[in-house]
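A.B. asks: Prediction below, plus the sequence it came from.
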Amino acid sequence: MLAALACVTRIPSFVPPLWNPDEGYLAVQARLLADGGELYETVVDRKPPLVPWLYAASFAVFGDDSLTPVRVLATGAQLVTAVLLASLARRRWGNRAGRTAGVLYLLTSIGLNPEDAQAALFEVFILPFTACAMWCADRRRWGAAGAAVGCAFLAKQTGGAVLVPALWLLYRSGAPRSDLLRLGVGAAVPVLGAAVLTDPAGFLFWTVTGSGAYVSFAGSELHVLARGLVNAAILGVVCAGLIPPVVRLLRTAPRTGSVDLWLWLGSSAPAVALGFHFFGHYYLQLVPPVVLLGTAALRTLPGETQTRALLVSACTCVLFLAWGLLAPRPDLAHAHRLAAEVARRTAPADRVLVWGMHPETYWLADRTPATRYLTAGLLTNYSGGRDGPRVGERYGVAGAWEVFREELATRPPALIVDDSRAKPYAPERMPSLRRILADGYEEAGRLDGAVLYARTGEGALRMDRRTGEGVGQD
C-alpha cells in the first residue's frame, strides 16, 4: 500500500522536464563530472557530494537527456522514509500506529509548492538517512546510526541535525562511552571518505567555511521573512489534521516517551532557518518528526479523531497533487526558449556563458559552461531574491572572480547570455564582466529580456556545423 501511495503522490514529479534551477544545476554538474570534471575543483557548489554523485550515476546508466531516473530514485527515497517511520511507530505504539505513520508521511510529504516538494533535490535524499539514523538509534545500533547521520550530512549539511536526537537516545539508554565513540566514528567515516574522494581542502571550503556571505541575514530581510512565513503556512495547510493533536501532545511529552521526537523537530527547525533563505524545500526536514509526533498524539485520541485527521490529510494531499499537475511554469518556458536560441547560435563543441540564475539553460541547450560557476549567485551573492546591499563582486565566493576571469580569458565562450533581466547582478553593476563584454563581444540579439553577445572578430556569420547552413547573428 505504501509503495502505491508513494507512486501516486509523486506523479506530478514526472510531468515537466525539470522543476527548478536546483535540478538544472545538478544535471549540469552531473554532465561535467561525466566529462572528467572534478568536484570542488572544476565542478563547484556549496553542497556536499552525495546528490551530485547520484545524478552522475543515474546519467551514466540511463543517459543524461532526462531526469526521469533520478525522480524514480526520489520516489524510492520517499518510500524508504515512509517505511522507516512506519517501523519506528510500530515498534513504539503498535501495528496500527505504524500504518498511520507511513500513510501520513506520504500524504504530507508533498505539502509544499510543487517545485519544492516534487523536485529531486537535496532535502528529498536527506530524509531516508535521517529516518534511518533514528531507526538505528532506537534499536541501539550506534555505529549504523552514526553512519546514517554522516550520509545525511553528505546529502546536505543540515541533515547532520539528526545527530541531536540520536545523542539523546544514546544518553537515555545509559550506553557506555564506547557506544558514543561508535556513534561518532560512524558519523565521521562517510564524511571523511567523501573528503578524500574529492579534494579535502575544496570539500571543507565549499561545504563549511566558504559560505559566510551566503548565510548572512543582511539584504532583503522582509522578502526572505515573508517567504519563510508563506512556506510555513503552506506546510501548515497540509499538516492541518496533525497540528491540534501535536500541540496537545506537547504537554505530555515526558510521559509519552516522545522527547527524542521533539528534539528531532527542534533540531530540524534551525536547519530550515540556516542561511536565512527559507526556501520551501528546506521545510521537508520538518515532515518526518511532525508525522511521528502526530501519530503519537492520535493514538491516544478517539477513533473518529484519527479518522478525521487522516481524511483532512488525504484531502489536502489531493489539493497539492492538483497544484503539481496544473501549475504553470513560466520560468521553465523561458529557459526552453533561451536554450533553443543558444543551441541555434552555437555548435555542440562551443562553450557558453549564461549570466543568470538558471543553469538549466546549459542542460536544455546541451552546451558546456564556460566556467565552473554555473550561476551568478556564486560570484555575486545574489541568492534566492536577496537584492540588498550585499550583492556584488566583493560579496562573491572568495577568489571566485580571479578564477572566473582566467577561465574566460583562457577559453573565451562563443556566446555570452545576459539573463539578469534588470536584477541586481546585471553586468552594468559588475565591472569585471562589463570589461569582458566590452573587450571582445557585441550584442547579437535579445530574447524575453535576455541579451545575447557574440564574440567579435570572427564575422557576423557562423557556420552551423550540424547542418552546414549559415546562422545569422541578428
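C.D. replies: The structure has been received and is ready for your questions.
A.B. asks: Where does P328 fall, secondary structure wise?
C.D. replies: Here P328, judged by DSSP states H and E, is contained in no helix and no strand.
A.B. asks: contacting residues around it?
C.D. replies: Applying CB atoms under 8 Å, 6 or more residues apart in numbering, we find P328 in contact with no residue. Where you see a C-beta, it was placed from the backbone N, CA and C, and this is true even at glycine.
A.B. asks: So it versus H334, what's the distance?
C.D. replies: As judged by CB to CB, to the nearest Å, P328 and H334 stand 12 Å apart.
A.B. asks: For the nearest residue to T456 once chain neighbours are set aside, give the beta-bridge partners.
C.D. replies: Nearest non-adjacent residue to T456, counting by CB to CB, 6 or more residues apart in numbering: E442, 5.1 Å away. With beta bridges defined as DSSP bridges, E442 has these partners: A454.
A.B. asks: in terms of contact, does E442 touch I416 like I think?
C.D. replies: No - E442 is beyond contact range of I416, at 10.3 Å (criterion: CB atoms under 8 Å).
A.B. asks: Verify the assumption that V451 is located in a helix.
C.D. replies: No - V451 is assigned strand when assessed by DSSP: H, G, I helix; E, B strand; the rest coil, not a helix.
A.B. asks: Tell me how many other residues crowd it.
C.D. replies: 19 (other CB atoms under 10 Å).
A.B. asks: Please give me every residue in contact with it.
C.D. replies: V417, D418, E443, G445.
A.B. asks: For the third one, report the pLDDT, please.
C.D. replies: Spelled out, that is E443. If you check E443, the pLDDT there is 94.
A.B. asks: How is this protein divided into domains?
C.D. replies: 2-326, 330-472 (automatic domain parsing).
A.B. asks: chain center to the last one: distance?
C.D. replies: Distance of domain 330-472 from the chain centroid (CA atoms, centre = their mean, to the nearest Å) equals 23 Å.
A.B. asks: The first one now?
C.D. replies: Distance of domain 2-326 from its chain centroid, counting by CA atoms, centre = their mean, is 10 Å.
A.B. asks: pLDDT on that domain, on average?
C.D. replies: Domain 2-326 carries an average pLDDT of 91.
A.B. asks: from now on call the first residue 16
C.D. replies: Okay, using 16 as the starting number, the last item reads as domain 17-341.
A.B. asks: what about that domain, how long is it end to end?
C.D. replies: End-to-end distance of domain 17-341 (CA to CA, to the nearest Å): 25 Å.
A.B. asks: residue ranges of the helices in the stretch 366-489 of the chain, please?
C.D. replies: For the stretch 366-489 of the chain, applying DSSP state H, counting those that start in this stretch gives helices covering 375-380, 392-395, 415-425, 446-455.
A.B. asks: Please spell out which residues along stretch 440-450 are buried.
C.D. replies: Y440, A441, P442, M445, S447, L448 (16 or more other CB atoms under 10 Å).
A.B. asks: whoops, stretch 285-300 was the one
C.D. replies: 286-287, 290-300.
A.B. asks: Tally up the residues packed near T390, please.
C.D. replies: T390, neighbours per other CB under 10 Å, totals 22.
A.B. asks: And the pLDDT at the closest residue to it other than its chain neighbours?
C.D. replies: For T390, ignoring the flanking residues on the chain, the nearest one in space by CB to CB, 6+ apart is M372 at 5.1 Å. Per-residue pLDDT puts M372 at 92.
A.B. asks: isn't M372 right next to L389, touching?
C.D. replies: No - the pair M372 / L389 is not scored as a contact, 9.6 Å apart, by CB under 8 Å.
A.B. asks: out of the two, which sits in the more crowded spot?
C.D. replies: Neighbours per residue (other CB under 10 Å) separate M372 from L389, with L389 holding more: 27 against 23.
A.B. asks: What residues does that one make contact with?
C.D. replies: The contact partners of L389, by CB under 8 Å, 6+ apart, come to Y40, V43, Q44, D60, P374, Y377.
A.B. asks: Try it again at 6 Å.
C.D. replies: Y40, V43, P374 (CB atoms under 6 Å, 6 or more residues apart in numbering).
A.B. asks: Over to the first one. Which of the three states is it?
C.D. replies: Right, Y40. helix.
A.B. asks: All the helices of the stretch 116-265 of the chain, in order from the start?
C.D. replies: Counting by DSSP H, counting those that start in this stretch, the helices of the stretch 116-265 of the chain are 129-132, 137-153, 157-170, 178-188, 192-212, 215-219, 236-253, 258-265.
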